[in-house]
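*Asks:* Here you go, sequence then predicted model.
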Amino acid sequence: MTKRILIVLTSHDDLGGVESTGYYVPEAAHPWDLFQRAGYEVDLASVRGGEPPQDGYDPADPVQAAFVALPAARDTARLADVDPSRYDAVLYAGGHGTVWDFPGDPDVARVGREVYERGGVISAVCHGPSALVNLTLSDGRHLVAGKRVAAFTNEEEELRGVAHVVPFLLADALEERGAKHEPGPNWQPRVVVDGRLVTGQNPASAVPLAEGVLEVLAERRA
């Protein structure tokens with residue numbers, strides 16, 4: 001295996017005309033930090049490439065500050081140019097922007113499908129599981145069909161005040177594709193591991209999600 005992980009970010013910056021959005025910085029930064037410290041090379045890509053829009057950035061957090069200062073974070077690769085064969089795992093980071101551009105992007109699905117079908121790990125946190133809504137395998141089945149997942153819940157969307165703004169409710173969309181959504185308490189860490197699929201519910205789940213990805217990768221190497 002290559003010892004390399006890809007983090008995928010949204011390129012969408014408009015939360016339904018209500019406010020700006022983007023990728024949620026701590027959901028990418030803290031997994032990046034853990035992956036690197038575990039000895040993995042980490043690449044960053046976004047749907048359109050270039051500098052992705054940010055949300056939730058806390059400059060007082062040294063990990064977030066280090067992440068956004070990375071040249072690779074300021075000028076991400078375009079996902080259409082990414083070769084999935086290079087990666088052991090993919091993390092689809094969250095942020096509300098993802099519910100607009102992840103589900104319909106063919107390269108979001110292509111990269112995830114090829115990594116998964118080569119035996120790699122697929123992971124997603126918070127709204128990042130929107131990447132899984134239309135991710136089908138080569139036989140046409142949805143990757144999430146019959147699998148246990150965590151994702152941002154309908155109640156958390158209501159509490160955030162944008163349930164009426166987002167184009168769809170993520171938990172419902174995943175269940176419509178055959179997933180078994182297993183929510184935890186609002187805003188508390190919740191990670192579900194089902195084989196080589198690792199999903200997390202909300203921002204608080206980013207670190208335990210990354211730890212779960214590393215555990216699955218370690219088991220595969222053993």
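*Replies:* Here it is on my side, so go on. Residues are numbered from 1 along each chain as shown.
*Asks:* drop to CA atoms for contacts and neighbour counts, all remaining ones
*Replies:* OK.
*Asks:* leaving aside the residues next to it on the chain, what's closest to residue 201?
*Replies:* Taking CA to CA, 6 or more residues apart in numbering, and ignoring the residues beside it in sequence, residue 201 has residue 151 as its nearest neighbour in space, at 4.0 Å.
*Asks:* Could I get the buried residue list for stretch 35-50?
*Replies:* 35, 40, 42-50 (16 or more other CA atoms under 10 Å).
*Asks:* How about the contacts made by residue 76?
*Replies:* Applying CA atoms under 8 Å, 6 or more residues apart in numbering to residue 76 gives the contacts 44-46, 49-52.
*Asks:* how far away is it from residue 11?
*Replies:* Going from residue 76 to residue 11 by CA to CA, to the nearest Å gives 10 Å.
*Asks:* what do the two both touch?
*Replies:* Joint contacts of residue 76 and residue 11 (CA under 8 Å, 6+ apart) are 46, 49, 52.
*Asks:* How many residues are close by the last one?
*Replies:* Residues lying near residue 52 (other CA atoms under 10 Å) number 21.
*Asks:* so it sits in a strand?
*Replies:* No: using DSSP: H, G, I helix; E, B strand; the rest coil, the secondary structure at residue 52 is coil, not a strand.
*Asks:* so how far is residue 151 from it?
*Replies:* Applying CA to CA to residue 52 and residue 151 gives a distance of 22 Å.
*Asks:* How about the first one?
*Replies:* Summarising the geometry, the distance separating residue 46 from residue 151, computed by CA to CA, is 20 Å.
*Asks:* Over to the second one?
*Replies:* Distance of residue 49 to residue 151, given as CA to CA: 25 Å.
*Asks:* Give the other helices and strands that the host helix or strand of residue 63 contacts.
*Replies:* Using DSSP states H and E, residue 63 sits within helix 62-68. Applying 3 or more CA pairs under 8 Å, 6 or more residues apart in numbering; DSSP states H and E, we find helix 62-68 packed against helix 25-37.
*Asks:* and if we set it to 6 Å?
*Replies:* Packing partners of helix 62-68 (3 or more CA pairs under 6 Å, 6 or more residues apart in numbering; DSSP states H and E): none among the helices and strands.
*Asks:* Contacts for that helix, please.
*Replies:* Contact with helix 62-68 is made by 29, 59, as judged by CA atoms under 6 Å, 6 or more residues apart in numbering.
*Asks:* Okay, buried residues for that helix please.
*Replies:* Residues of helix 62-68 classed as buried: 63-65, 67-68 (neighbour count, 16+ other CA under 10 Å).
*Asks:* Kindly report the same for stretch 10-30.
*Replies:* Neighbour-count burial for stretch 10-30 [16+ other CA under 10 Å]: 10-13, 15-16, 21-30.
*Asks:* closest to residue 90 among these?
*Replies:* Of all the buried residues of stretch 10-30, residue 90 sits closest to residue 28, with 11.6 Å by CA to CA.
*Asks:* ok, now which ones touch that closest one?
*Replies:* residue 93.
*Asks:* As a check, name the ranges of all strands in this structure.
*Replies:* Taking DSSP state E as the criterion, the chain contains strands spanning 4-9, 14-15, 19-20, 23-24, 41-46, 54-55, 77-78, 89-92, 121-125, 148-149, 180-181, 191-194, 197-200.
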